[in-house]
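Undergrad: With the sequence up front, the predicted model follows.
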Amino acid sequence: MSASPEIMKEYYSRLTPENMAPLWEVLHTLVTREPVTKAGPFQWKFDDVRRLLLEAGGLLTADEAERRVLILENPAYAGQSKATNTLFAGVQLIMPGETAPAHRHTASAVRFFLEGKGAITAVGGEPTEMNPGDFVITPSWAWHDHRNDGDEPCFWLDGLDLPMMNFYEAGFAEPHNDSRQMLSRPEHDSTARFGEGLLPMQAESPYGLTTPIFNYTFKRTRAALVTAAAGQEMDSHTAMTLRYANPLDGGWTMPTMSAWMMYVPKGFTTQPMRSTDSMIVAVAEGSGSMKLGDESFDFVHKDTHAVPGWYWRSFTAKEDSFIFFVTDRVAQEKLGFYREEKSPIVA
Ligand code: GTQ
Ligand code: FE2
């Protein structure tokens, strides 16, 4: 440096009040050689979430809470309602007979159903029953309300693009006049019209950039994975993975979040890979362990994990395992900066 530290310091002190700052002091923390995150991977055991959420069930009604959800907060983002830098995760509880009142917002949501029977979500006038392992979508700006017509507590994982939405400071929301929206279509209507390898002649999604199907049931996803696995070898890095697709264009199901299910058969270990998308990873069935960066987490059915971008990940199944992912991959792809890396295959 040509000028002395004292001179530089004095110069900097005159920049601050003028709301300017020297790029050369921060260039390499701003323009990083590779992704930098302050978050680490994290696991929430379902048993813990369940216990504390049931307690909330005795403290306030779903109506009072509007949404009775325990936010899964990454310790790196304490107080910020974030599981990863871009994704919100929470577990929602609805007790028998309760309704979570109708509203809509520009944030998109996914539901990954964890436990219980009789929970129904209504989206854009159509109801769908949610069962364990089902992947259910609430498109941006679609009216939605949830209810529990069964006789057991119902739990599901919510994944929303809220941190991404709020980063852009572009979020809107409004309540519905009625606590339950009027139903205008029978259950399974959208699956009949869009999800059976058939399409209406003038096919258009009622939800713009989001898939017209909003319940991708575990029953069908699981059967597809098991059948596909019988017919071909496991991929070294992704075992048997199928992604949830929009039947209108084959693309991802939502404009901001990608989702897929990975089947890892008993005894199989995937080779490490990493990608720039951050993820919420939940276990639909089975048990095993996942290595995320330097940490190893034993998982069982219903446990949820947050994985920041660019952490190496590898999965080992102790029992046949079905692992659900929701990530910000599609947004990064559309913006042109998604990257991934696969480790060389070790026999
Ligand atoms: O179920 O509509 O976890 O709007 C966060 C925001 C759930 C919902 C959440 C929401 C919902
Ligand atoms: Fe909502």
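TA: That came in fine, so what should we check first? Ligands and ions are numbered 1, 2, ... in the order given.

Undergrad: Relative to residue 169, how far out is residue 126?
TA: 31 Å (CB to CB, to the nearest Å). Backbone N, C-alpha and C define where each C-beta goes, glycine included.

Undergrad: If you count surrounding residues, which of these two has more?
TA: Between residue 126 and residue 169, residue 126 has the larger neighbour count (other CB atoms under 10 Å), namely 21 against 6.

Undergrad: check contacts around the more buried one.
TA: Residue 126 makes contact with 183-187, 189-190, 214 under the criterion CB atoms under 8 Å, 6 or more residues apart in numbering.

Undergrad: just these now: which is nearest ligand 1?
TA: residue 214 (13.2 Å; CB to the nearest ligand atom).

Undergrad: Just give the nearest non-adjacent residue to the closest one, would you?
TA: Leaving aside its chain neighbours, residue 214 sits nearest to residue 137 (4.5 Å; criterion: CB to CB, 6 or more residues apart in numbering).

Undergrad: Am I right that the one you found falls within a helix?
TA: No. Residue 137 is assigned strand when assessed by DSSP: H, G, I helix; E, B strand; the rest coil, not a helix.

Undergrad: Now do it, the pLDDT please.
TA: What the model reports as pLDDT for residue 137 is 98.

Undergrad: What of the one 3 residues further on?
TA: Reported pLDDT at residue 140 in the predicted model: 97.

Undergrad: what do you get for residue 1?
TA: 59.

Undergrad: The stretch 101-250 of the chain against ligand 1: which residues are in contact?
TA: 105, 109, 144, 158, 160 (CB under 6 Å from any ligand atom).

Undergrad: Let's see that with 8 Å instead.
TA: Within reach of ligand 1 by CB under 8 Å from any ligand atom, the stretch 101-250 of the chain has these residues: 103, 105, 107, 109, 111, 121, 138, 144, 146, 158, 160, 162, 173.

Undergrad: Give me the neighbour count for residue 129.
TA: 18.

Undergrad: Pretty sure it sits against residue 122.
TA: No. At 10.7 Å, residue 129 does not count as touching residue 122 under the criterion of CB atoms under 8 Å.

Undergrad: measure the residue nearest to residue 214 to ligand 1 for me?
TA: For residue 137, the distance to ligand 1 (CB to the nearest ligand atom, to the nearest Å) stands at 12 Å.

Undergrad: Residue 298 too?
TA: Residue 298 is 26 Å from ligand 1, where distance means CB to the nearest ligand atom.

Undergrad: Next: residue 224.
TA: 27 Å.

Undergrad: Quick check: next helix or strand after the host helix or strand of that residue?
TA: Applying DSSP states H and E as the criterion places residue 224 in helix 218-231. Counting by DSSP H and E, the next helix or strand C-terminal to helix 218-231 is strand 240-243.

Undergrad: now that next one: how far from the chain's centre is it?
TA: Put simply, strand 240-243 sits 16 Å off its chain's centre (CA atoms, centre = their mean, to the nearest Å).
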